[in-house]
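Student: 3D model of this:
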Amino acid sequence: MSGSYSILDLSRLIKDANEYMALGKYGKALKKYDIALPVIEARIIDLWRDPTLQEKWKSLLKSLKEDRDNLQEIINSLETFHNVYKDGQIFKNPDKFPTTSVNVNYIPPNQNPQNPPYQVQNQHQNDYHPPQNEQPKNKIERRVSPPKPRPPQQTGKKKPESQPKPKPKKKPYLESLYPDGKGPDSDLIEMLEREVVDTNPHVSFDDIAELEQAKHALQEAVLLPLAIPNFFKGIRRPWRGVLLYGPPGTGKTMLAKALATKGETTFFNVHSSSFASKWRGESEKLVRILFEMARYYAPTTIFIDEVDSLCSKRGGSSEGEGSRRVKAELLVQMEGVSSNTSAGANEKNKDQRQLVTVVGATNRPWDLDEALRRRFEKRIYIPLPNEKGRQQLFYLNTKKIAIAKNVNPGDLVMLTKGYSGADISNVCREAALMPLRRELIANKGKNLEDLVKSEDFRTKIRAPITMSDFQQAIKNITKTSSEKDLQEYDNWTKEFSSV
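Tutor: Residues are numbered from 1 along each chain as shown. Here you go, the predicted model:
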């Protein structure tokens, strides 16, 4: 991204943003910031070889992010005061005020006419009024408009009707179902809320290197229906399920959490043990309760990790009756997430059901049941990172530790061909421990308790990571995906992928 914008272009973007801020055009200024910030972040990654210059760009990025956050606060504050009285009218948008003068005869609603906060000058106070016993010679009849009627005095202060009310906090699902907290399924509900509910995973798309195609597909499938729900109706109804498949360690779970964070949805992190029970019929009941809770807390993202362990192909010799019932219930509930509600259901419940999205992740998509594969209407391949992605991963994993100047990012990228994101994270962790291991070997035989208290020891173990440290770490950490595995993913993608 940084290659398409020069330094001159960046300076123009920042200059335009400042000018729009000065003119009060906050929306246009925010767009300029949103264009400039990703460009600067990409440039910081490209300048990894020059730490001094990189620090200057980081300082600029930090300053611009603070300006952007302040601008966003201003916009949010203006939106809360969107009803503004002026010239006896109501204007919804404060940015489009007319330039006419204020009418002093207008008294806003809820204002006590007996005690005005300001003194209004009488428009006829300079007219000549003769004494009562003296009549003017040439009496001129002066027409004075009658005073405008004032609204009746109100004892209490009321907010304008059109002012948005704060969104009430939703009760827990258990309390809404059983007000006293006790019921037939209370134990199951408490277990699900305790184990799988996460209201905000706090993961950003910026924390994930590369995978731009997958990010765009997820945003189109989940975030856009939340932003413009009136558009996604009928044939444009939201996708009921999204499947993320690919080699292990490529960021499938991170994508699902970033999706829930960006859309501010309730996040259900589900795995096979969430439905495990020794009682007959309880596992499929847990599946039903999970989806009922998801519809109650909508908008909701249900993330099923290793979904192939729950819904492998039916009819196998090792399949038990309980496992088959769980699969059947999961298929029924997924089909009902975004389908039309039953007769008699209102539109509110229908829209609520459409705000539940099931995101599944698997390393073995060919083991999925064909009925479940159909319900995952979006099937997105998450491949191994390419050269640019591996460089971003090295930067993201080492941005908080010191790196020596002899470290060449290009050489590291070439040495880690075929590595996944998790593999590169392990390489960086291994390299970060190399200074500690060298000091332990050099001080072998000394008392460990006295050694760790030494200030010199603590300084040396925080020495910058060198190129040799990375090379040794790459020898210790090997890649996890083979060429045969990658070929199977390519074959399945050609046959079943749906981005």
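Student: Any regions of the stretch 301-450 of the chain where pLDDT drops low?
Tutor: For the stretch 301-450 of the chain, the stretches with pLDDT under 70 are 316-319, 336-354.
Student: Equivalent analysis for the stretch 151-300 of the chain, please.
Tutor: 151-169, 195, 198-199, 278.
Student: Swap in 80 and give it another go.
Tutor: 151-172, 174-184, 191, 193-201, 221-222, 226, 260, 263-265, 271-282 (pLDDT under 80).
Student: per the record, what domains does the chain have?
Tutor: Per automatic domain parsing, the structural domains of the chain span 2-80, 175-381, 387-480.
Student: out of these, deepest packed?
Tutor: Of all the domains of the chain, domain 175-381 carries the top mean neighbour count, a mean of 18, counting by mean count of other Cβ atoms under 10 Å. C-beta: built from backbone N, CA, C; applies to glycine.
Student: now the end-to-end length of that domain.
Tutor: End-to-end distance of domain 175-381 (Cα to Cα, to the nearest Å): 40 Å.
Student: what's the nearest residue to residue 466 if we skip its chain neighbours?
Tutor: residue 404 (4.5 Å; Cβ to Cβ, 6 or more residues apart in numbering).
Student: cool, and residue 202?
Tutor: Nearest one to residue 202, counting by Cβ to Cβ, 6+ apart, is residue 261 at 6.0 Å.
Student: ok, now which ones touch the one you found?
Tutor: 200-204 (Cβ atoms under 8 Å, 6 or more residues apart in numbering).
Student: and these as JSON lines, adding distance to residue 483?
Tutor: Output for the contacts of residue 261, formatted as JSON lines (distance: Cβ to Cβ, whole Å):
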{"residue": "200", "distance to residue 483": "39"}
{"residue": "201", "distance to residue 483": "34"}
{"residue": "202", "distance to residue 483": "36"}
{"residue": "203", "distance to residue 483": "31"}
{"residue": "204", "distance to residue 483": "33"}
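Student: and of those residues, the nearest to residue 269?
Tutor: Distance to residue 269, by Cβ to Cβ, is smallest for residue 201 among these, at 8.2 Å.
Student: where does residue 496 land on pLDDT?
Tutor: Per-residue pLDDT puts residue 496 at 86.
Student: Adjust the sequence numbering to begin at 515 for everything that follows.
Tutor: From this message on, residue numbering opens at 515, which makes the last subject residue 1010.
Student: in which helix or strand would I find the nearest residue to it once chain neighbours are set aside?
Tutor: Using Cβ to Cβ, 6+ apart and skipping residues adjacent in sequence, the residue nearest residue 1010 is residue 893, 5.9 Å away. Assigned by DSSP states H and E, residue 893 belongs to strand 892-895.
Student: now what about that strand, what contacts it?
Tutor: For strand 892-895, the surrounding residues in contact (Cβ under 8 Å, 6+ apart) are 727-728, 731-732, 735, 753, 755-760, 879, 887, 1003, 1007, 1010-1013.
Student: thought residue 691 was touching residue 702?
Tutor: No. With contact defined as Cβ atoms under 8 Å, residue 691 and residue 702 do not form a contacting pair (11.1 Å).
Student: related to what we said a few turns ago, what's across from the residue nearest to residue 1010 in the sheet?
Tutor: Under DSSP bridges, the beta-bridge partners of residue 893 are residue 757, residue 1012.
Student: on that earlier part again, the residue nearest to residue 980 reaches residue 979, doesn't it?
Tutor: Yes. Counting by Cβ under 8 Å, residue 918 touches residue 979, with 6.3 Å between them.
Student: Looks to me like residue 815 is in a helix.
Tutor: No. Read with DSSP: H, G, I helix; E, B strand; the rest coil, residue 815 is strand and lies in no helix.
Student: Mind listing the residues bridging to it?
Tutor: Following DSSP bridges, residue 815 is listed with bridge partners residue 781, residue 871.
Student: picking up where we left off before, so which of the contacts of residue 775 comes closest to residue 555?
Tutor: Using Cβ to Cβ, residue 718 comes nearest to residue 555 of the contacts of residue 775, at 11.5 Å.
Student: How about that closest one: what's its closest non-neighbour residue?
Tutor: Using Cβ to Cβ, 6+ apart, the closest residue to residue 718 is residue 772 (5.9 Å).
Student: Output the helix or strand hosting that neighbour in PDB, but only the C-alpha positions, please.
Tutor: Assigned by DSSP H and E, residue 772 belongs to helix 766-777. Extracted C-alpha coordinates of helix 766-777, given in PDB (Å, rounded to 0.1, in the frame of the first residue of the first chain):
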ATOM      1  CA  LYS A 766      -8.200 -18.700  11.200                       C
ATOM      2  CA  THR A 767      -9.100 -18.300  14.900                       C
ATOM      3  CA  MET A 768      -7.600 -14.800  14.900                       C
ATOM      4  CA  LEU A 769      -9.800 -13.800  12.000                       C
ATOM      5  CA  ALA A 770     -13.000 -14.900  13.800                       C
ATOM      6  CA  LYS A 771     -12.100 -13.000  16.900                       C
ATOM      7  CA  ALA A 772     -11.200  -9.900  14.900                       C
ATOM      8  CA  LEU A 773     -14.500 -10.200  13.100                       C
ATOM      9  CA  ALA A 774     -16.400 -10.300  16.500                       C
ATOM     10  CA  THR A 775     -14.300  -7.300  17.800                       C
ATOM     11  CA  LYS A 776     -14.900  -5.200  14.700                       C
ATOM     12  CA  GLY A 777     -18.600  -5.800  14.500                       C
END
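Student: okay, the closest residue to residue 929 other than its chain neighbours: pLDDT?
Tutor: Distances taken as Cβ to Cβ, 6+ apart put residue 988 closest to residue 929, at 5.2 Å, once the chain neighbours are dropped. For residue 988, the pLDDT comes out at 93.
Student: Go ahead and confirm residue 988 touches residue 940.
Tutor: No. Using Cβ under 8 Å, residue 988 is not in contact with residue 940; the gap is 10.1 Å.
Student: Check the gap between the residue nearest to residue 716 and residue 817 for me.
Tutor: Distance of residue 775 to residue 817, given as Cβ to Cβ, to the nearest Å: 12 Å.
Student: Endpoints of stretch 818-834, how far apart?
Tutor: End-to-end distance of stretch 818-834 (Cα to Cα): 21 Å.
Student: Kindly report the same for stretch 877-895.
Tutor: Using Cα to Cα, the two ends of stretch 877-895 sit 10 Å apart.
Student: same deal with stretch 561-568?
Tutor: Span of stretch 561-568 from end to end, Cα to Cα: 6 Å.
Student: which residues touch the helix or strand where residue 998 lies?
Tutor: In this structure, residue 998 is located in helix 997-1010 according to DSSP H and E. The contact list for helix 997-1010, computed with Cβ under 8 Å, 6+ apart, reads 759-761, 879-880, 887, 893, 895, 897-898.
Student: 6 Å instead, please
Tutor: 879-880, 893, 895 (Cβ atoms under 6 Å, 6 or more residues apart in numbering).
Student: Likewise for stretch 804-823?
Tutor: 687, 706, 740, 770, 774, 779-786, 847, 866-867, 869-876, 878, 881-882.
Student: quick one: it to chain centroid distance?
Tutor: 17 Å (Cα atoms, centre = their mean, to the nearest Å).
Student: Same question for stretch 570-582.
Tutor: Between the centre of stretch 570-582 and the centre of its chain there are 21 Å (Cα atoms, centre = their mean).
Student: Then stretch 746-754?
Tutor: Remark: stretch 746-754 is offset 21 Å from the chain centroid, using Cα atoms, centre = their mean.
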